[in-house]
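no sequence for this one, just the structure:
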């Protein structure tokens, strides 16, 4: 456990130093914030450490030597640019500490992590989605944030700290966070005479107008959908948040979707997919919504700031706005 604590301590310092990014845009149509953290387990499974509850600034704990120690950091596969930046960060950590640290991006992160945990051979440090934290913490595979890992833990936004706190224990310093927003192609909207939507009704009308064919035609590149969006909770969940609905109660013990506001939000999303004006990126041979949008298979998408660097790198000629 001592080794796990020090691994956590040092990687917390490394990750929180350089794992945040930000972008700016005009007419930001904010939907919700989504975040991830790094955490470690009792077997050293991520970026967590040894503190709990609200903590105050503490004196930095002396760093141990990690000369020759092998460390593995797992994360989900993002853009090549982010993967490269993280690999560079981990390489610098190795140079500074003498550790043999390696970042490994996992294409099927959740599947790979569950398999690693089940086998008893998890990575030393791994990302934790805020939505997955309760299950992982309850399973006892995470170590809490160590005292002294951060010089000023109160400098972290309370909402982010709370997102990675379970039963009063803080498990993961946030790696990054992003506010989801409506990303659109201004040329396509202008050509169709569509204004940037700012309400659900306007979004429904805009998506319908901008849809020019069925899924087969869109996949072939002969048409486009109004909006592409994955069907995972961090995407359709934004409509719940806009409707004032939370997925669970504050204690994360009860699902809180049995109400009219939740039904209205979920029905709205389901209706758009049924109408064909919202499409899943995988349905049109794209790996994720950013790729489908970059390929011109949809006029709009709902994504975080990571899409900016991705589009600039993978689709440098793509015109887009936020």
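Happy to help now that I have it. Being a predicted model, the structure only gives us computed values, none of them experimental.

domain ranges for the chain?
2-26+33-178, 185-314 (automatic domain parsing).

need the ones you listed in JSON lines (columns: mean pLDDT).
Listed next are the domains of the chain as JSON lines, based on pLDDT from 0 to 100:
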{"stretch": "domain 2-26+33-178", "mean pLDDT": "73"}
{"stretch": "domain 185-314", "mean pLDDT": "95"}
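
make a markdown table from these and add mean neighbour count to it.
C-betas here are computed from N, CA, C, even on glycine. Putting the domains of the chain into a markdown table (neighbours: other Cβ atoms under 10 Å) gives the following:
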| stretch | mean neighbour count |
| --- | --- |
| domain 2-26+33-178 | 18 |
| domain 185-314 | 18 |
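
so can I have JSON lines of these showing distance to residue 322?
As requested, the domains of the chain are arranged in JSON lines below (distance: least, Cβ to Cβ, whole Å):
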{"stretch": "domain 2-26+33-178", "distance to residue 322": "3"}
{"stretch": "domain 185-314", "distance to residue 322": "8"}
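
among the ones you listed, which comes closest to residue 320?
Closest of these to residue 320 is domain 185-314, at 5.8 Å (criterion: Cβ to Cβ).

which one, of the domains of the chain, ends up nearest to residue 321?
Per Cβ to Cβ, nearest to residue 321 of these: domain 185-314, 4.9 Å.

next one: the closest one to chain centre, how far?
16 Å (Cα atoms, centre = their mean, to the nearest Å).

cool, and stretch 178-195?
22 Å.

over to stretch 141-148?
That offset, for stretch 141-148, works out to 21 Å (Cα atoms, centre = their mean).

what residues sit buried inside stretch 315-322?
315, 320, 322 (16 or more other Cβ atoms under 10 Å).

start and end of it, how far apart?
Start and end residues of stretch 315-322 are separated by 16 Å (Cα to Cα, to the nearest Å).

oh, and call the first residue 48 from now on, that's how I've got it
Happy to do that; since the first residue is 48 now, the last one works out to stretch 362-369.

residue 225 reaches residue 354, doesn't it?
No: assessed by Cβ atoms under 8 Å, residue 225 is found out of contact with residue 354, at 9.3 Å.

surely residue 298 forms part of a strand?
No: Residue 298 is assigned coil when assessed by DSSP: H, G, I helix; E, B strand; the rest coil, not a strand.

and it, how close does it get to residue 177?
15 Å (Cβ to Cβ, to the nearest Å).

repeat for residue 210
Taken as Cβ to Cβ, the span from residue 210 to residue 177 is 4 Å.

before we move on, what about residue 147?
On the measure of Cβ to Cβ, residue 147 and residue 177 end up 30 Å apart.

next: residue 349.
Counting by Cβ to Cβ, the gap from residue 349 to residue 177 is 18 Å.

and what of residue 353?
Taken as Cβ to Cβ, the span from residue 353 to residue 177 is 16 Å.

what ranges do the strands span in the stretch 248-369 of the chain?
272-275, 325-326, 345-350 (DSSP state E, counting those that start in this stretch).

out of those, which is closest to residue 156?
Closest among these, using Cβ to Cβ: strand 345-350, at 17.7 Å.

which strands and helices sit next to the closest one?
Applying 3 or more Cβ pairs under 8 Å, 6 or more residues apart in numbering; DSSP states H and E, we find strand 345-350 packed against strand 221-231, helix 247-257, strand 272-275, helix 336-341.
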